[in-house]
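K.L.:
need coordinates for the below:
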Amino acid sequence: MVIIMPRPKPFVTAVVVCLAAATLAVVAALMLSRAVIGSTVPSKAAVAPPTGRKLKWDFSRGLSATAMGWPLGTSNGPWLIDGPGELEIVLPDGRKGTFAFAGIEVRQEGGLVRTVGVLAAAEQLEPACQRARGLLDAWGLSGHQSLNAWYEKRRRDGLGDRDTEGPNWADRFDHDQPFPRVGVAVLTTYRSDIPWCVQWNVIFARSASTPPVRSHATDPSE
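P.N.:
Below you'll find the model as predicted:
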């Protein structure tokens, strides 16, 4: 499932805004303000200043990175967009929705958008699961059964330090699924007050540079 692979340089990502509400977050390398969670991204990562609280991306008209305002020239990215904000997005297959975000990461290849990763604000387990369930429904994804089982395990075992499968949950991609592919994940921040972040990602086409799911969101002070 999506998003964001181990990278050579640490990078501070994601403003932690305590929200208690629902929608479908990722994986991956974002820079926000206030309390932060960190991750790693390539050294040439560039952070774009917020262009407004609301973004509208209609990929049913094509995947041109220039058309969506790509600011990084020929670089593949990542293009990092600060939140909080609201993203209205339409996929090439007609699926669409409007979602709150704390940060967004976009990657392109050959002038075409390849991946979009959207990170929600960090929150407690219950609202994070509600958000993930809402995203599964919004994108027409299965995964409720595994999410519910993971939720019960996290309620029982906390962060699950002894869990051989790790603490996070991710809706697994079906490799036969046509593009674009949407995936949802709940990632730990390892913070006791707001221990979970929901991330959702869109992969528009198969690519050698398509990043995998990020393992967790870490506190940069660790």
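K.L.:
direction included, what does the top strand by length along the chain pair up with?
P.N.:
Taking DSSP state E as the criterion, the chain has its longest strand at strand 96-109. If you go by DSSP bridges, strand 96-109 pairs up with strand 79-90 (antiparallel), strand 112-119 (antiparallel).
K.L.:
please export the alpha-carbon coordinates of that strand; PDB is fine.
P.N.:
What follows is strand 96-109, C-alpha atoms only, in PDB (Å, rounded to 0.1, in the frame of the first residue of the first chain):
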ATOM      1  CA  LYS A  96     -14.000  11.900  -5.700                       C
ATOM      2  CA  GLY A  97     -14.200  13.400  -2.300                       C
ATOM      3  CA  THR A  98     -13.300  16.400   0.000                       C
ATOM      4  CA  PHE A  99     -11.000  15.700   2.900                       C
ATOM      5  CA  ALA A 100      -9.300  17.700   5.700                       C
ATOM      6  CA  PHE A 101      -5.500  17.400   5.700                       C
ATOM      7  CA  ALA A 102      -2.600  18.300   8.000                       C
ATOM      8  CA  GLY A 103      -0.100  17.800   5.200                       C
ATOM      9  CA  ILE A 104       0.200  16.500   1.600                       C
ATOM     10  CA  GLU A 105       3.100  15.000  -0.300                       C
ATOM     11  CA  VAL A 106       3.000  14.800  -4.100                       C
ATOM     12  CA  ARG A 107       5.500  13.100  -6.500                       C
ATOM     13  CA  GLN A 108       5.700  13.300 -10.200                       C
ATOM     14  CA  GLU A 109       7.600  11.500 -13.000                       C
END
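K.L.:
what residues does stretch 153-160 touch?
P.N.:
125, 163, 166-167, 188, 190, 195 (CB atoms under 8 Å, 6 or more residues apart in numbering). To be clear about C-beta, it is placed using only N, CA and C from the backbone, and glycine gets the same treatment.
K.L.:
got the buried residues for it?
P.N.:
Buried residues in stretch 153-160, counted by 16 or more other CB atoms under 10 Å: 154, 159-160.
K.L.:
average pLDDT across it?
P.N.:
The pLDDT scores in stretch 153-160 average 87.
K.L.:
can I get that stretch in CSV, CA atoms only?
P.N.:
As requested, the backbone C-alpha atoms of stretch 153-160 are provided in CSV (Å, rounded to 0.1, in the frame of the first residue of the first chain):
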residue,chain,number,x,y,z
LYS,A,153,-5.6,-5.5,19.3
ARG,A,154,-4.5,-1.9,19.9
ARG,A,155,-7.1,-1.3,22.5
ARG,A,156,-5.9,-4.4,24.3
ASP,A,157,-2.1,-4.1,23.7
GLY,A,158,-1.5,-0.4,23.3
LEU,A,159,1.3,0.4,20.8
GLY,A,160,2.0,-3.3,20.5
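K.L.:
on that earlier part again, let me know which of the strands paired with strand 96-109 is tucked in deepest.
P.N.:
strand 112-119 (a mean of 27; mean count of other CB atoms under 10 Å).
K.L.:
rounded mean pLDDT for it, please.
P.N.:
96.
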